[in-house]
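Engineer: predicted model follows, preceded by the sequence.
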2 protein chains.
Amino acid sequence: MDERKRKLLKAIVKDYVDTAEPVGSRTIAKKYDLGVSSATIRNEMSDLEDLGYIEQPHVSAGRIPSQKGYRYFVDYLMEKESIDPGEVSAINNLFSHKLIEIDEILKESCRLLSHLTNYTALVALPHMEGDTLNYLQLLLLGTNQVLVVMVTKNGLVNNRVFDFQRPIIPDVLEQWEQHLRQKFLKTDIATVNEKLLAEMTKLFAGECESPAAVIAKKAQVSGNDNKVFLVGSSNMLKQPEFQDIDKVKYILELLEQDERMRQLMAPVREGDVNVSIGPELPYAEMKECSLVTATYSVDGKIIGTVGVLGPTRMAYSKTVSMVDYMARQLSDIFKIRNQGE
Amino acid sequence: MDERKRKLLKAIVKDYVDTAEPVGSRTIAKKYDLGVSSATIRNEMSDLEDLGYIEQPHVSAGRIPSQKGYRYFVDYLMEKESIDPGEVSAINNLFSHKLIEIDEILKESCRLLSHLTNYTALVALPHMEGDTLNYLQLLLLGTNQVLVVMVTKNGLVNNRVFDFQRPIIPDVLEQWEQHLRQKFLKTDIATVNEKLLAEMTKLFAGECESPAAVIAKKAQVSGNDNKVFLVGSSNMLKQPEFQDIDKVKYILELLEQDERMRQLMAPVREGDVNVSIGPELPYAEMKECSLVTATYSVDGKIIGTVGVLGPTRMAYSKTVSMVDYMARQLSDIFKIRNQGE
DNA sequence: GTTAGCACTCAGTAGTGGAGAGTGCTAACA
DNA sequence: TGTTAGCACTCTCCACTACTGAGTGCTAAC
């Protein structure tokens, strides 16, 4: 790969991303100033094809970047693009204290990301690893109902209502509370979830009305571990490469499967933006898609992921900048929140 | 409309729903036992077309039902279809106490409805009209933070954390609590939301750290008023009439607009199943769609809506039964929940 | 090593000609 | 008067063909 080939590959990727049409040698010669004629470009393109960076849909068509070609572009050729000031302020606006719930902030981030990139945006919610139980209170609602309030260090509040067969004496309730507090306060959430059920069953011993399965579920501190927001799946339909209903149908069906999306958004590595191109993605249906993700974190601990899914023919540079910026902003927001508490 | 025309229209609708192909007179004569020849059917079809119940895509094609034809079918011809036992048990299974959160139940209902009908399912979450504040407690988290827990009669739990500039004295907190309880317990949520902010601002007078907008939002009992679950939009792509990307693109874009979906799911009338056919829907993009909705309620009060969106060429009978059953089951669930309290 | 020129390939498009489905009309029939 | 068989007619759909244009690879000259 000499310098000229690199320039050529870059030009091919750029043009193909812009036009969605296979790029011919004459087009390159006219539009991009490589200082050589189309014949030379033809020779170089032939080399690039032999090397596997570009391919030809059919013999009389131009070339399009291969997965390897995109990978090379993303790893070595892509220049960092600065984000449009209007777009920066749109993102900053979002975080300017108008929203309270973490959920809402993330949902709106997702919406905005989709809107700014014109692709499909995904945001995986913060998970609770490393979080601890900071507060636990049992409250009597009426005579036969107990409300359990649990608050974690990171500000996650959980409520559970338990129905009992006979009235609860406040003194007993306080005993229970003391007991549970001693056992679980300052404990990390994983341990709480592991042991709280056993403890509660022991305490409530047969007096609680709900079936065992319900109690089991109630005795868990549940967070947003499992949630993935997804906005703009209809943007897929706007891409010229997805004009085929069957192709796009499988993609959209996949997008509707929360579990799959969760796996897709599992954090890869911290700090950096990660780009997965076509066949690098774990689902065959997405072999013509690319995913750009970045993690957001607090205290160096990854707590969630933001991402953008589009066609492999994606505006990588812009998308990477955007996802990166959004992730950083989210990390900042959570830092501010945690300081406030 | 004599009996024979009715039978004919019914046959045309049935066949078109099954095959998605315009129905010809010979097809009817062969497949449906009307006791007359195709020539007679042709004459009758010509009449039905004059009356506006069916139409011809082009001169040498069969007939398809018009919006008026579907309307007549739904209002007068459709027979109530009993639901497949397997499907009934699938629905009942869903409600067999495995899920705790109302949210989860509704989300799963939506998912199931989409899965059973093969169309797009919508569930609008219960709103709080008529609900009252049943419980209010202020809890000290650390020294500078107050957790406000509010529980409504219908079991909606709300938590709000307020940050204060200086430590809060427990006695003061109790005073505040007494005051707020006197003012708002047993009050309906609308009034609470209207007046709680003013009251809190008065009490907390300048000591609270958050900006005014955040306090305002925190001083609201927020429910699920605005949420609409939507599952199975990719099912739209499976319909033969939606093989045209542009058509389906506009529909999917519409489905992504929460506000629009909220309006679509605004309850129409109680108890009954409502069917909106094509142009009867408020959005032009949906002129080839039909929506079947039913409300679910507690104590005769509508609290939410379930619905199924599909092509106008919809299996109305089955869909109506399904939506109806699901709505009734949801009403039952909420009744049981309320009795439990 | 670069370039101009040229033959060649192939997707895409427009035009053409059945084939088939379905109708409307007419005339005969019960 | 209502029903039916028959037939001409219309129009979509599909396959086939020819043409065009984009783009290549190769060769020979610079």
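Structural biologist: Yep, that arrived. Residues are numbered from 1 along each chain as shown, chains lettered A, B, ... in the order given.

Engineer: make it CA atoms for all contacts and neighbour counts henceforth
Structural biologist: Will do.

Engineer: so which bits of the stretch 51-200 of chain A are right by DNA strand C?
Structural biologist: Counting by C-alpha under 7 Å from any atom of the strand, the stretch 51-200 of chain A comes close to DNA strand C at A:58-61.

Engineer: kindly recompute the last result at 10 Å.
Structural biologist: Selection of the stretch 51-200 of chain A residues close to DNA strand C by C-alpha under 10 Å from any atom of the strand yields A:57-61.

Engineer: between these, which is closest to chain B?
Structural biologist: Ranked by distance to chain B (C-alpha to the nearest C-alpha), these are led by A:P57 at 23.0 Å.

Engineer: give the contact list for the closest one.
Structural biologist: For A:P57, the residues meeting the contact criterion (C-alpha atoms under 8 Å, 6 or more residues apart in numbering or on different chains) are A:22, A:63-64.

Engineer: where's it, which helix or strand?
Structural biologist: With elements taken from DSSP states H and E, nothing contains A:P57; it lies in neither a helix nor a strand.

Engineer: tell me how far it lies from A:W176.
Structural biologist: A:P57 sits 71 Å away from A:W176, taking C-alpha to C-alpha, to the nearest Å as the criterion.

Engineer: try A:N235
Structural biologist: In this structure, A:N235 lies at 53 Å from A:W176, with C-alpha to C-alpha as the measure.

Engineer: more neighbours: which of the two?
Structural biologist: Neighbours were tallied for A:N235 and for A:W176 using other C-alpha atoms under 10 Å in any protein chain shown; the higher tally belongs to A:N235 (21 against 18).

Engineer: outline the domain layout of chain A.
Structural biologist: Split into domains by automatic domain parsing, chain A comes to A:3-77, A:85-127+A:225-340, A:133-218.

Engineer: that older thread, of the residues of the stretch 51-200 of chain A next to DNA strand C, closest to A:I168?
Structural biologist: Within these, distances to A:I168 taken as C-alpha to C-alpha reach their minimum at A:P57, with 74.4 Å.

Engineer: A:G62 contacts A:Q56, correct?
Structural biologist: Yes: at 6.2 Å, A:G62 counts as touching A:Q56 under the criterion of C-alpha atoms under 8 Å.

Engineer: higher neighbour count, the two?
Structural biologist: A:G62 (20 against 16).

Engineer: so what sits against both of A:G62 and A:Q56?
Structural biologist: When contacts are counted by C-alpha under 8 Å, 6+ apart, the set common to A:G62 and A:Q56 consists of A:P22.

Engineer: which one of the contacts of A:P57 is nearest chain B?
Structural biologist: For the contacts of A:P57, the minimum distance to chain B (C-alpha to the nearest C-alpha) is 22.2 Å, reached by A:P22.

Engineer: distance check, that closest one against DNA strand C.
Structural biologist: Here the distance between A:P22 and DNA strand C works out to 11 Å (C-alpha to the nearest atom of the strand, to the nearest Å).

Engineer: can you count the residues close to that residue?
Structural biologist: Residues within reach of A:P22, counting by other C-alpha under 10 Å, total 20.

Engineer: next, the contact list for it, please.
Structural biologist: Applying C-alpha under 8 Å, 6+ apart, we find A:P22 in contact with A:16, A:56-57, A:61-64.

Engineer: not counting sequence-adjacent ones, nearest residue to it?
Structural biologist: A:G62 (4.5 Å; C-alpha to C-alpha, 6 or more residues apart in numbering or on different chains).

Engineer: quick one: contacts for that neighbour?
Structural biologist: Taking C-alpha under 8 Å, 6+ apart, we find A:G62 in contact with A:21-25, A:56.

Engineer: same check on A:D131?
Structural biologist: By C-alpha under 8 Å, 6+ apart, the contact list for A:D131 reads A:152-154, A:188-189.

Engineer: so which of the residues you listed wins on neighbours?
Structural biologist: The most crowded member of those, judged by other C-alpha under 10 Å, is A:I189 (25 neighbours).

Engineer: so that residue touches A:N134, yeah?
Structural biologist: No: under the criterion of C-alpha under 8 Å, A:I189 lies out of contact with A:N134, with a separation of 9.9 Å.

Engineer: and for the closest residue to A:T120 other than its chain neighbours, the neighbour number?
Structural biologist: Leaving aside its chain neighbours, A:T120 sits nearest to A:G232 (4.6 Å; criterion: C-alpha to C-alpha, 6+ apart). Residue crowding around A:G232 was assessed by other C-alpha under 10 Å; the count is 25.

Engineer: and the closest residue to A:T132 other than its chain neighbours, how far is that from A:R160?
Structural biologist: Of all residues beyond its chain neighbours, the one nearest A:T132 is A:D188 (4.0 Å), with distances taken as C-alpha to C-alpha, 6+ apart. If you measure A:D188 against A:R160 using C-alpha to C-alpha, the figure is 19 Å.

Engineer: can you check A:L112 too?
Structural biologist: From A:L112 over to A:R160 (counting by C-alpha to C-alpha), the distance is 33 Å.

Engineer: before we move on, what about A:V306?
Structural biologist: From A:V306 over to A:R160 (counting by C-alpha to C-alpha), the distance is 30 Å.

Engineer: neighbour count winner among those two?
Structural biologist: For A:V306 versus A:R160, the count of surrounding residues by other C-alpha under 10 Å is larger for A:V306: 29 against 19.

Engineer: what helices and strands are in contact with the stretch of helix or strand the more buried one belongs to?
Structural biologist: For A:V306, the host element (DSSP H and E) is strand A:301-311. Where contact means 3 or more C-alpha pairs under 8 Å, 6 or more residues apart in numbering or on different chains; DSSP states H and E, strand A:301-311 is packed against helix A:102-117, strand A:120-124, strand A:289-298, helix A:316-340.

Engineer: would you map the helices across the stretch 151-300 of chain A?
Structural biologist: Taking DSSP state H, counting those that start in this stretch, the helices of the stretch 151-300 of chain A run over residues A:170-184, A:189-204, A:212-218, A:245-255, A:258-264.

Engineer: to B:T117, which of those helices lies closest?
Structural biologist: Across these, closest to B:T117 is helix A:245-255 (C-alpha to C-alpha), at 15.6 Å.

Engineer: by mean pLDDT, show me the worst of the helices of the stretch 151-300 of chain A.
Structural biologist: Comparing mean pLDDT across the helices of the stretch 151-300 of chain A, the weakest is helix A:212-218, with a mean of 66.

Engineer: now A:P85: how far from A:L106?
Structural biologist: Counting by C-alpha to C-alpha - A:P85 and A:L106 are separated by 21 Å.

Engineer: tell me which of those two has more neighbours.
Structural biologist: Taking other C-alpha under 10 Å, A:P85 and A:L106 do not tie; A:L106 has more neighbours (23 against 9).

Engineer: from A:A327, how far off is that one?
Structural biologist: According to C-alpha to C-alpha, A:L106 and A:A327 sit 11 Å apart.

Engineer: can you check A:N92 too?
Structural biologist: Relative to A:A327, A:N92 is positioned 12 Å away (criterion: C-alpha to C-alpha).
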